[in-house]
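**Q** structure for this input, please:
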Amino acid sequence: MKRKPKHFIPNILTLFNMFLGFLAIGLIINNQPIKAGVFVLLSGMFDTFDGKIARLLGIESKFGIEFDSMADTVSFCVVPSILIYSLYVDGLNPLLGGAIAFIPLMFGSIRLAKFNIDQEFGNKRSYTIGLTTPISTITLFSYLFFNHQIYNNYGDPRTALMLTVVLGYLMISPI
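**A** Residues are numbered from 1 along each chain as shown. The predicted model follows:
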């Protein structure tokens, strides 16, 4: 039986999410974090619509859930970790700086895995437990945007690092 083309639409949106996250990594590495933030916002838009379109078309799948989490890991876990490492840990002990920069990747991945397990066992809710990875990442970039716009810098590293720790905790909290 031939699959209808509509089955690929949500996965293409997920690919755009992942691709924009990948491009954001390159921009951060090339010292363009503001442009990277724009790509992350666009990535969040694709992340919102891939699942909604799959449900709307009645083509939700276990593959789609897992693939979406892989894309989210790139865009909303790896990207903020690289952002923190690139902009805010300079001057810290390398192990401490690396550990703090690793928080979005570590806790974001844990949160995504917990979400997938809940989906697998039919624990679908109309609300989320813990802060979502896109909201956590957008919060970090909002701090960056705000400081760049108001003070023409990337903000106080101490504040950014405290924000990173708090957001990491919120992602795995039972709230």
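
**Q** state the pLDDT value of Met106.
**A** Reported pLDDT at Met106 in the predicted model: 98.

**Q** going forward, count from 23.
**A** With 23 as the first residue, the last one maps to Met128.

**Q** you'd agree it is up against Gly190?
**A** Yes. Counting by C-beta atoms under 8 Å, Met128 does reach Gly190; the two are 7.3 Å apart. Quick note: C-beta positions are derived from backbone N, CA and C, even for glycine.

**Q** where does the prediction get shaky in this structure?
**A** Counting by pLDDT under 70, the chain has low-confidence residues at 23-27, 144.

**Q** how near is the residue most central in space within it to Asn175?
**A** Closest to where the C-alpha atoms of the chain average out (C-alpha atoms, centre = their mean) is Phe98, at 1.3 Å. From Phe98 across to Asn175, the span is 24 Å (C-beta to C-beta, to the nearest Å).

**Q** and Tyr149, how far is that from Thr159?
**A** Tyr149 is 20 Å from Thr159, by C-beta to C-beta.

**Q** neighbour count winner among these two?
**A** Counted by other C-beta atoms under 10 Å, Tyr149 and Thr159 do not tie: Thr159 has more neighbours, with 29 against 4.

**Q** OK, contacts around that one?
**A** Neighbour list for Thr159: 62, 66, 97-99, 101-102, 126, 130 [criterion: C-beta atoms under 8 Å, 6 or more residues apart in numbering].

**Q** what residues does the nearest residue to Asn53 once chain neighbours are set aside make contact with?
**A** Excluding its sequence neighbours, the residue lying closest to Asn53 (C-beta to C-beta, 6 or more residues apart in numbering) is Ser108, at 7.9 Å. Residues in contact with Ser108 (C-beta under 8 Å, 6+ apart) are 50-51, 53, 55.

**Q** after the longest helix anywhere in the chain, next one along is what?
**A** Taking DSSP state H as the criterion, the chain has its longest helix at helix 116-142. Heading C-terminal from helix 116-142, the first helix or strand you meet, by DSSP states H and E, is helix 155-173.

**Q** check which residues of that following helix are buried.
**A** By neighbour count on 16 or more other C-beta atoms under 10 Å, the buried set for helix 155-173 is 155-156, 158-163, 165-167, 169.
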